[in-house]
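> Sequence isn't available, so here's the structure alone:
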């Protein structure tokens, strides 16, 4: 296991849609978890470490309790809520910046684990926000892409400083 370098925005790889995972991803997932914990994050997507694959890791509880690492291979989101909630989000690829992003408060996510077993879960609260943020990375989006144009421009200027 090792800690991988995290790509920083505006690296063009962060704007690419990722390919499905085929084959063994256990080593990459373990390295991503090591990287996420070392960076003090709660989620990390494969493109953030230069692997253009539909894979992310997450642990939304480790900062306040025991570690509960999760690995999501080829995730699919179902969002059926038309109501949105604003919440602050930070990103390991855009260090030092946090933005208020509007997202549905609940989602259903379907994914495979590292053994190929399919799962489905209804998520709410911070877990729902986190999976949406990580799936955005798999679709080539970062938090800046979720902001109104004038707010985005100001956030980009702040980040450039």
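Thanks, I have it. Given the structure is predicted, the values throughout are model-derived calculations rather than measurements. Numbering: from 1, shown residues only.
> For the helix or strand hosting residue 72, what does the pLDDT average out to?
Element membership of residue 72 [criterion: DSSP states H and E] is strand 70-78. For strand 70-78, mean pLDDT rounds to 97.
> With stretch 110-130 instead?
On average, stretch 110-130 scores 97.
> Quick check: buried residues in it?
Under the neighbour-count criterion of 16 or more other Cβ atoms under 10 Å, stretch 110-130 has 111-112, 114, 123, 127-130 buried. For glycine as for every other residue, the C-beta is placed from the backbone atoms N, C-alpha and C.
> Okay, now it: how far is its last residue from its first?
Using Cα to Cα, to the nearest Å, one end of stretch 110-130 lies 14 Å from the other.
> Residue 19: what's it in contact with?
52-54 (Cβ atoms under 8 Å, 6 or more residues apart in numbering).
> Ok, residue 54 next?
18-21, 46, 73-75, 138 are the contacts of residue 54 under Cβ under 8 Å, 6+ apart.
> so what's the closest residue to residue 26 other than its chain neighbours up against?
In space, and not counting its chain neighbours, residue 26 is closest to residue 114: 5.0 Å by Cβ to Cβ, 6 or more residues apart in numbering. Taking Cβ under 8 Å, 6+ apart, we find residue 114 in contact with 24-26, 29, 71, 73.
> now with 7 Å?
When contacts are counted by Cβ atoms under 7 Å, 6 or more residues apart in numbering, residue 114 touches 25-26, 29, 71, 73.
> which residue is nearest the middle of this protein?
Taking Cα atoms, centre = their mean as the criterion, residue 134 is the residue nearest the geometric centre of the chain, at 1.9 Å.
> doesn't residue 43 make contact with that residue?
Yes - between residue 134 and residue 43 there is a contact under Cβ atoms under 7 Å: 4.7 Å.
> can you list residues touching both of the two?
56, 58.
> Mind listing residues that contact the one helix or strand residue 111 maps to?
In this assignment (DSSP H and E), residue 111 forms part of strand 106-112. Outside strand 106-112, the residues that touch it by Cβ under 7 Å, 6+ apart are 72-79, 81, 118-124, 128, 131-132.
> Report the angle between it and strand 70-78.
Here strand 106-112 runs at an angle of 120 degrees relative to strand 70-78 (axes from the mean of the first three to the mean of the last three Cα atoms, to 10 degrees).
> from now on call the first residue 449
OK, 449 is where the count begins now, so the last one is strand 554-560.
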